[in-house]
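Undergrad: kindly generate the corresponding structure for this input.
(2 chains)
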Amino acid sequence: MIRIDRSIIFQIINFVALVFLLFRFLFKPVVKALDQRSQFIRGELQKIEDEKKKLEEMRRSLEEETAKLKEKYLEVLDQAKIEASKVKEEIIREAYEEGEKIKNEYRRKARKEVEELMGNLREEIVELTEEVVKKFLATQITPEIQTRLIDTFLEEALKELEAQVGMIDGR
Amino acid sequence: MDGEVVRIVTPFPLTDEQREHIQTRMAKFLGGNLLSFQEEIDESLIGGVVLFVRDIIIDCSIRTQLERIRESIMKGE
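TA: Predicted structure coming up:
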């Protein structure tokens, strides 16, 4: 016959009671707490995922805006270049016209001054020449030459006068 | 004096030959009227003669010829 020690039975009962108690008061709350913690973590992970999606969306949107801004910037830059080119051409054209005007004015003045100088020079040369010729001729006129001058010039002058009188009188 | 009066200006005194020639030619021009001369000397004429008759001036002087040449040159002709 098997002899069972009462203390063993008591220990078994104690053990079962301990297991029951542990299961009842420790295991369940721990499992529950772990579940709650797990749910919390899943929720947080979901939130993180949502935030990540939002951030991704924002990043994409930002990139699109950046691309649009860049496009707009290039467009404005091109327009500014065209405008600058027009302004540059206008400035060059105006400067050229102004230069031409000044050049023509200087040419006109220079031409006028040259003409005046030439006129004065011509006058001086003619006057000097006339004086020289007069002095020279004064020494060359002999009575014979004077007679020939009178004959020739008087004849020509009178013929001219007679022609004029004839035309007036109808002769 | 009778007839037309002709004023004659020359650079030096006229010779008889010159005076006679002028008289003959002027008489023909004026239709044979009797002429009387009033002679003057103007050395600035250089050569030739200037005649004043009625309201006509017949300028045949070297001075005037030179002046015409000068005017022509000054006008650039």
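
Undergrad: from now on I want contacts and neighbour counts done on CA atoms only, so please keep to that.
TA: Will do.

Undergrad: and B:Val9, what does it touch?
TA: By Cα atoms under 8 Å, 6 or more residues apart in numbering or on different chains, the residues touching B:Val9 are B:39-42, B:49-51.

Undergrad: just those residues that are near chain A?
TA: For chain A, the contacts drawn from the contacts of B:Val9 by Cα under 8 Å from any Cα of the partner chain are B:Val49.

Undergrad: residue 68: neighbour count?
TA: Just so you know, I chose chain A. 12 (other Cα atoms under 10 Å in any protein chain shown).

Undergrad: should've been chain B
TA: Neighbour number of B:Arg68 under other Cα under 10 Å is 12.

Undergrad: what average pLDDT does the host helix or strand of it get?
TA: Assessed by DSSP states H and E, B:Arg68 sits inside helix B:62-74. Averaged over helix B:62-74, pLDDT sits at 88.

Undergrad: pull the distance from that helix to the chain's centre.
TA: 17 Å (Cα atoms, centre = their mean, to the nearest Å).

Undergrad: what parts of chain A come near chain B?
TA: Counting by Cα under 8 Å from any Cα, chain A sits next to chain B at A:119, A:122-123, A:126-127, A:130, A:134, A:137-138, A:141, A:143, A:146-147, A:149-151, A:153-155, A:157-158, A:162.

Undergrad: hang on, the earlier thing: any idea which of the contacts of B:Val9 has the most stuff around it?
TA: B:Val49 (28 neighbours).

Undergrad: which helix or which strand is home to it?
TA: strand B:48-53.

Undergrad: if you count contacts, what does that strand end up packed against?
TA: Contacts defined by 3 or more Cα pairs under 8 Å, 6 or more residues apart in numbering or on different chains; DSSP states H and E place strand B:48-53 against helix A:143-169, strand B:4-10, strand B:56-61.

Undergrad: among the ones you listed, which is nearest B:Glu17?
TA: With Cα to Cα as the measure, helix A:143-169 is the member of those nearest B:Glu17 (8.1 Å).

Undergrad: low-confidence ranges, chain A, go.
TA: Chain A contains residues with pLDDT under 70 at A:1-2, A:166-171.

Undergrad: which residues in it form helices?
TA: A:6-22, A:28-140, A:143-169 (DSSP state H).

Undergrad: quick one, which of the helices and strands packed on strand B:48-53 is nearest to B:Asn33?
TA: Per Cα to Cα, nearest to B:Asn33 of these: strand B:4-10, 6.6 Å.

Undergrad: for the closest residue to B:Pro11 other than its chain neighbours, list the residues it contacts.
TA: Nearest residue to B:Pro11 in three dimensions, chain neighbours excluded: B:Glu43, at 4.0 Å (Cα to Cα, 6 or more residues apart in numbering or on different chains). With contact taken as Cα under 8 Å, 6+ apart, B:Glu43 is in contact with B:10-12.

Undergrad: please report how far B:Glu43 lies from A:Lys53.
TA: Distance, B:Glu43 to A:Lys53, using Cα to Cα, to the nearest Å: 126 Å.

Undergrad: now do A:Val114
TA: 89 Å.

Undergrad: try B:Thr10
TA: 129 Å.

Undergrad: compare the two (neighbour count), which wins?
TA: More neighbours surround B:Thr10 than the other of B:Thr10 and A:Lys53, with 23 against 12 (other Cα under 10 Å).

Undergrad: near chain A, which residues of chain B show up?
TA: By Cα under 8 Å from any Cα, the part of chain B that sits against chain A consists of B:15, B:18, B:21, B:25, B:29, B:46-49, B:58-60, B:63, B:66, B:70, B:73-74.

Undergrad: still on that earlier bit, make a ChimeraX selection of the buried ones in the residues of chain A next to chain B.
TA: In ChimeraX syntax, the buried subset of the residues of chain A next to chain B is picked out as below (16 or more other Cα atoms under 10 Å in any protein chain shown):
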select /A:123,126,130,134,138,141,146,147,149,150,151,153,154,155,158
